[in-house]
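Participant: Quick check, what structure comes out for this input:
(chains A, B, C and D)
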4 protein chains.
Amino acid sequence: MRQVLLHEGSRQLDYEIRNIVKKAEELEALGQKIYWENIGDPILKNATIPDWIKEILHGLVDDDLTYGYCHSKGVLGTREYVAKKNNEKAGVQITADDVLFFNGLGDAIGKLYQFLNPHSRVIGPSPAYSTHSALEAAHSNKEPLTYNLDPENHWYPDLEDLRLKVKYNPSIVGILIINPDNPTGMVYPVEVLTEIVEIAREFNLFLVSDEIYTNIIYNGVETKSLSQVLGDVPGIAMKGISKDTPWPGSRCGWMEFYNRDADPDFNNYCATMENAKMVEVCSTTLPQKALPLIQEHPSFQPYLAQRRQEVSERSKVISSRLEDISYINFNPTNGAFYNTIVFKDGVINNNQFLEIDDAKLKAKAEDWVENVSSPDKRFVYYLLAAKGVCVVPLSSFQSELLGFRITLLEEDIEVLDQTFSKIADAINEFCTSDKEVEAVMS
Amino acid sequence: MRQVLLHEGSRQLDYEIRNIVKKAEELEALGQKIYWENIGDPILKNATIPDWIKEILHGLVDDDLTYGYCHSKGVLGTREYVAKKNNEKAGVQITADDVLFFNGLGDAIGKLYQFLNPHSRVIGPSPAYSTHSALEAAHSNKEPLTYNLDPENHWYPDLEDLRLKVKYNPSIVGILIINPDNPTGMVYPVEVLTEIVEIAREFNLFLVSDEIYTNIIYNGVETKSLSQVLGDVPGIAMKGISKDTPWPGSRCGWMEFYNRDADPDFNNYCATMENAKMVEVCSTTLPQKALPLIQEHPSFQPYLAQRRQEVSERSKVISSRLEDISYINFNPTNGAFYNTIVFKDGVINNNQFLEIDDAKLKAKAEDWVENVSSPDKRFVYYLLAAKGVCVVPLSSFQSELLGFRITLLEEDIEVLDQTFSKIADAINEFCTSDKEVEAVMS
Amino acid sequence: MRQVLLHEGSRQLDYEIRNIVKKAEELEALGQKIYWENIGDPILKNATIPDWIKEILHGLVDDDLTYGYCHSKGVLGTREYVAKKNNEKAGVQITADDVLFFNGLGDAIGKLYQFLNPHSRVIGPSPAYSTHSALEAAHSNKEPLTYNLDPENHWYPDLEDLRLKVKYNPSIVGILIINPDNPTGMVYPVEVLTEIVEIAREFNLFLVSDEIYTNIIYNGVETKSLSQVLGDVPGIAMKGISKDTPWPGSRCGWMEFYNRDADPDFNNYCATMENAKMVEVCSTTLPQKALPLIQEHPSFQPYLAQRRQEVSERSKVISSRLEDISYINFNPTNGAFYNTIVFKDGVINNNQFLEIDDAKLKAKAEDWVENVSSPDKRFVYYLLAAKGVCVVPLSSFQSELLGFRITLLEEDIEVLDQTFSKIADAINEFCTSDKEVEAVMS
Amino acid sequence: MRQVLLHEGSRQLDYEIRNIVKKAEELEALGQKIYWENIGDPILKNATIPDWIKEILHGLVDDDLTYGYCHSKGVLGTREYVAKKNNEKAGVQITADDVLFFNGLGDAIGKLYQFLNPHSRVIGPSPAYSTHSALEAAHSNKEPLTYNLDPENHWYPDLEDLRLKVKYNPSIVGILIINPDNPTGMVYPVEVLTEIVEIAREFNLFLVSDEIYTNIIYNGVETKSLSQVLGDVPGIAMKGISKDTPWPGSRCGWMEFYNRDADPDFNNYCATMENAKMVEVCSTTLPQKALPLIQEHPSFQPYLAQRRQEVSERSKVISSRLEDISYINFNPTNGAFYNTIVFKDGVINNNQFLEIDDAKLKAKAEDWVENVSSPDKRFVYYLLAAKGVCVVPLSSFQSELLGFRITLLEEDIEVLDQTFSKIADAINEFCTSDKEVEAVMS
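Facilitator: Model prediction:
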């Protein structure tokens, strides 16, 4: 080509969560049955769509207007609906003009960082959800900036760490919250949210709250939406229908802009995202039209309650399999569909392994681990080859901790129990495969 | 805010095509009936979706898998299908791996320029389609680079202009073709395509061909797809289902990468777009699943033929109303849904006006035109206020010509004829409202 | 012009130290005698050049080779000489190849930051010497990053502040030391230098030490050169002949690169500065040829000793005039030619003034202070108009403290005493001109 | 290091003119006598400084004020003097405020491009003088933009090439003239200057004219200064005393700003360069004080006339040795100290060589040429090893032509003739060392 084609920041795009799939597919081709614990798609894990939702869609498919463009900011009635739902929480009040629809939260996250000045940074939690951390990093072509979630304290944010990083790094202009969190399953306590708002206020920052899992909280914990704790600080909530309906294939998410008028720069930032969407004409029409019909349907709340109940039960199955393993730090999940398991200091290393009988599978595993620097990747590859369970290594989530992420999506309780029994066995076998580690623990 | 929030390039996002809507809505609120000739949504102009398409969607709505994520590059079967359709044309051959699905062409166009180096530029046609020109400009924060389409020569590209601009501007790395073209309705002759490919080959550029209207060609003209003329030059075709099905609200478009292996930089560029989509997880599932079912349905080709026939008839109605007006340069439309009318040199100026009886409407118009620098905007605002016809001024399409864009979408022939009768009247009245212009013409 | 001409960072260039001169010149034109306490030129303050130095230059002027270019890195013999002088201190050892001559330290400082990546930052002391802070800011187009010098602790660096700022701001790649410091006259204690080196080592930074005043240390204090405390950390010392010979008009300064081989990135950085100088051909020849002849002359050390003695005496005159004033924080100067006087909290405000009898001078002062936001500028302008003493406000030195910088250059002790008597009077009069402040203090 | 240290553009700094010196020094160490034809330092080539100039400097050395800083823009009297000298030419009129002194033209050229927006470019002549082309390239991190000087037309600029490059490349904001030119020795005819001014006017550009050799024009040719042809177009002339006094080691050059008030952007650009110099305090004092004393001395004009006469005589010696060689394109030099010799198409290649008797020298040459891609470098290395003549290959001057640059500085006519006799022999021997080339020529 005549000149360099790529923007420097494009190097930051790399998505480990999907890369592990390629390895799993190689094993599948060799006959290994795979337990997919790597991606948050409820549909793939046997969630079924209830008939009343399908009925709503049948009705929309018959309407020619469903096929047309919608308003560049989103279907007006739907924006009015989500504004009303937010306003009912009695926090920051908004109108339909403060709502902007996207083609899923991936699209929304992309636009959030794309038009931010390369020198201005948003700090987010670590372990990090890759879509946020990779796109924030791509916008500035620097390593992601993160604050620590603490596995020794329920994965709650280390607020002292956050405050110091904000105070001493003048390039930070915003703080990201993912509540409930992916990949830890942590739900931010209200006091933590309040303190984060105070940090934003003190240093003149805006807040971003990814609330895609806001309807998936269980085990009795409680939190608040950003708009309920924000006061007069500028903020953006990011919401969608992928996870609760669940309809991830719809690519339907939105932003709610809070306190736009509190700051002209923030207002311009919001307006730029509106312009960016206007240039693309609009986001997908059908799911936007379906959204209020689904959420106002009399079956919706009972359906959500039942789904929360099911995830809660799965969380208990998982807890029962993992909570007593001495090699790991285990925090029960209270929100979203994920749990992050951390190995205790010193219990895994690059000498450990799992026994694999099948010669071809064993050869694969040994090939993969040869050049792996991080021992949690080594564990993950052995787990995949030996047990067929596909999880994502924690070192892929912008974390210096060693561990892996699992999901709580498997609808078949028997399969679920079987999967986590395999994981528990693998942890024990792997950790004891090096005698020196065993000595350390005892 | 603590620091500057916005990326410099964000200033380039501005979408005149939608801004005119605000003015039309102001008039509508005053009781004026509006003839919407400003946006390319067939559904809004009374296109109906045939029952056999709705049947296909009913079937998909009943399938739980329709609700899940698809592969990050798009549904495999659909990618195989579109690769096969391309390969049948016997040009550059591709596989499913060379296809990448997006949430509509707006999303695809955004990604095309977002990851391009800010110093590397893609030159496109003028008059320009705003989505391309604004996003290309935003990526480099400079004015769009354009080659001229010539209204005195059927709106064909001025190839000498293109060659010189490419030769002497080393920052140009790619050439954009929109075939059929929006906003001119021009269809690139095969010889023109071939010469553009030669320019790309000589200067080591890649080609981009936006073929969203590829199924909407009529009046007996012929062209070729990029893959049929490209030879071994690296190229990208952009396609979608918005305009032919028509299903603009689906947000379903795709890229086909040609000759990826011909150049490692180009291959990395394509891979970066794949990574960018992977980070967003995937594009919308339902329309991708529907695509091969619709296009392989026995009714699809007759349906397309009938739609082309209808647009062709509308093009003739429009021609009959406009072709004899001496104040304008009129080229009949042969593809897509648009026509761009250019005023001849010197026939419009900032003294001209249309009579408006209604005092409130007249006041609006006079207010709008007060600070308008470009006389084609003046005409467009008067046309809107006096006749209720909403068109887009040509000066909004990165052109130094004066004129306006109309659409060929109105399905009701009587309304169509009425609309263009109003436009014809408005041209004549406006141009004769200044006696000196009349003198020039005679 | 056809396009924007200026680089964004150029906005950061502004040099308050010289701007005050314009105001002083306005008063001079009105007949006011000016006591120039604003700029560090010994010659202007009546320093005389001894005959033995002039003899050396007469000899060089007679040699044709003095008129030619020298080696792009500087005259070889002179580089060997300064390398030897460094090596005698028994710290990091260098050769002539590790020395690079510039046209004065201003040129050297410019090149230091010009080729640094805009995202990579060097943190320096506050109050800041403008040449460093403005050029560092221009390179990244962001506010200067600074660590605090503490007026309540002898102006020593606040090491906790420095450590936290370095730790939590990943864009910091280097630390600047100015030893002795301009504008505070502070000399870094050896333990402080050692701790700063440890911070650099821990966070993988390089160190820059501006040692232009290294020969002007007195009153019995001691410090070390960077090369004596650096160990194996990469570092750059900046030296020159402006201040000790004194020969500021020679524009002759140099860098010494320490531990280039310790890090390939640092080595490339040094090589880039060599390339930048090579592109300009070389630096000025005459002073380089003179440097070893002057510094090895038997009169040089006695001459330096005498000059230090003189500055020390002046520092005592100044102390006697200022040390007992209750409104200010006064730290005696121990190095370089400057002292920075800080007003205590709350003692100055925008209501205070000095009496001025002359109507024209009074009008000037009142005009200047009308739009002044910072009360130290108000004091400085009144001091200039009322007493004719020209000093630089501390708010011009990237400091949030209020105060002003004075110099220790006046050779005529009587004039010196008179000047500081005026300053002392002005402080007392200004602070007591607002009754409320007086109340606070008592 | 903690982060990337270098600015991207720093890769563009590379100075071939000095790199050849390293090779020559290797040969010198082996006992080869070197004829230095590579660098423009008259002093090294035996130019002597007349006593009346030394007398002026002796006088200044005795004055203490010579040792102090001067005004940040330069010594006022000297700026007034050079403004008056410009104004006497009756073109654009300036005052002392329009003059800005630098530490030599290298410093001035550096500042010229450093603060220019990276997207805005200055086009200059090819073959290019490296200081301009490397620093312009570094500011934008792109290849230099050049217009062709035509060796088949007296090295005059190809104005059609310049016009097309300017017209079609909107990033060009300025045109550089080097008059007389280095490395070709061409003097721009007045009509050419006038046409270049017209191009600048048409496209709203500024002009830069490097006139360092303005006093070294001979053989009866005539040209004009930029200020004499500029009219109302914004422009900058760059002048100095390195070449005419000659005093290259003084590092004393200046800019004259013409028509600052014609354009506010241009005015800001000039002001930014003044600020940049102010931040560095000032440029070197002694040569500025000497400048008017030297140039107004009654011996100066006769001295210049004699020097021009001498260079003219040398140009004739060189012409007599080279003008009849059929393998090259030879244009006699009429200005400055250089000539660029171009090999005709096809006469040199990578098979050719010169005979070298000494085994060590031969080994050096064969080692150097092994990886050389450009045959003019091959010739230059053989010339150096076989004949001891050190010249600079033309491919180092941003040119696609093959050839080399020589100088007209050797004061000893016998040595000069000997040197060019060796060069002539080398051309003939090298070109005939490949029989196929000989066949082509006959």
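Participant: low pLDDT regions in chain A?
Facilitator: A:14-17, A:438-442 (pLDDT under 70).
Participant: Leaving out chain neighbours, which residue sits closest to the closest residue to chain C within chain A?
Facilitator: In chain A, the residue that lies nearest chain C is residue A:168 (3.5 Å; C-beta to the nearest C-beta). To be clear about C-beta, it is placed using only N, CA and C from the backbone, and glycine gets the same treatment. Leaving aside its chain neighbours, residue A:168 sits nearest to residue C:168 (3.5 Å; criterion: C-beta to C-beta, 6 or more residues apart in numbering or on different chains).
Participant: you'd agree that neighbour is up against residue A:172?
Facilitator: No: at 9.5 Å, residue C:168 and residue A:172 do not qualify as touching, with contact defined as C-beta atoms under 8 Å.
Participant: who's more crowded, these two?
Facilitator: Higher neighbour count among residue C:168 and residue A:172: residue A:172, with 23 against 18, using other C-beta atoms under 10 Å in any protein chain shown.
Participant: ok, that one to chain B distance?
Facilitator: 7 Å (C-beta to the nearest C-beta, to the nearest Å).
Participant: what does residue A:219 give?
Facilitator: Taking C-beta to the nearest C-beta, one finds residue A:219 at 26 Å from chain B.
Participant: for residue A:53, same thing?
Facilitator: Where chain B is concerned, residue A:53 sits at a distance of 9 Å (C-beta to the nearest C-beta).
Participant: so how far is residue A:388 from the nearest residue to residue A:356 once chain neighbours are set aside?
Facilitator: Once flanking residues are discounted, residue A:356 sits nearest to residue A:362: 4.0 Å by C-beta to C-beta, 6+ apart. Taking C-beta to C-beta, to the nearest Å as the measure, residue A:362 falls 13 Å from residue A:388.
Participant: and what of residue A:420?
Facilitator: 13 Å.
Participant: Could you pull up phi and psi at the residue of chain A closest to chain C?
Facilitator: phi -100, psi 0 (degrees, to the nearest 10).
Participant: now do the one 5 residues further on
Facilitator: Here the main-chain torsion angles of residue A:173 (degrees, to the nearest 10) amount to phi -120, psi -10.
Participant: Give me the nearest residue to it, chain neighbours excluded.
Facilitator: Residue A:173's closest residue in space is residue A:120 (C-beta to C-beta, 6+ apart), at 4.4 Å.
Participant: same check, this time on residue A:87
Facilitator: residue A:93 (5.1 Å).
Participant: just checking, the residue nearest to residue A:356 touches residue A:368?
Facilitator: No: using C-beta under 8 Å, residue A:362 is not in contact with residue A:368, being 10.9 Å away.
Participant: mind saving the C-alpha coords of stretch A:183-193 as PDB?
Facilitator: Provided in PDB are the C-alpha atoms of stretch A:183-193 (Å, rounded to 0.1, in the frame of the first residue of the first chain):
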ATOM      1  CA  PRO A 183     -16.400 -11.000  35.100                       C
ATOM      2  CA  THR A 184     -16.600 -11.100  38.900                       C
ATOM      3  CA  GLY A 185     -20.300 -11.300  39.500                       C
ATOM      4  CA  MET A 186     -19.900  -8.600  42.200                       C
ATOM      5  CA  VAL A 187     -22.700  -6.200  42.900                       C
ATOM      6  CA  TYR A 188     -21.500  -2.700  43.900                       C
ATOM      7  CA  PRO A 189     -22.800  -1.800  47.500                       C
ATOM      8  CA  VAL A 190     -24.600   1.500  47.600                       C
ATOM      9  CA  GLU A 191     -22.000   3.000  49.900                       C
ATOM     10  CA  VAL A 192     -19.300   2.200  47.400                       C
ATOM     11  CA  LEU A 193     -21.300   3.800  44.600                       C
END
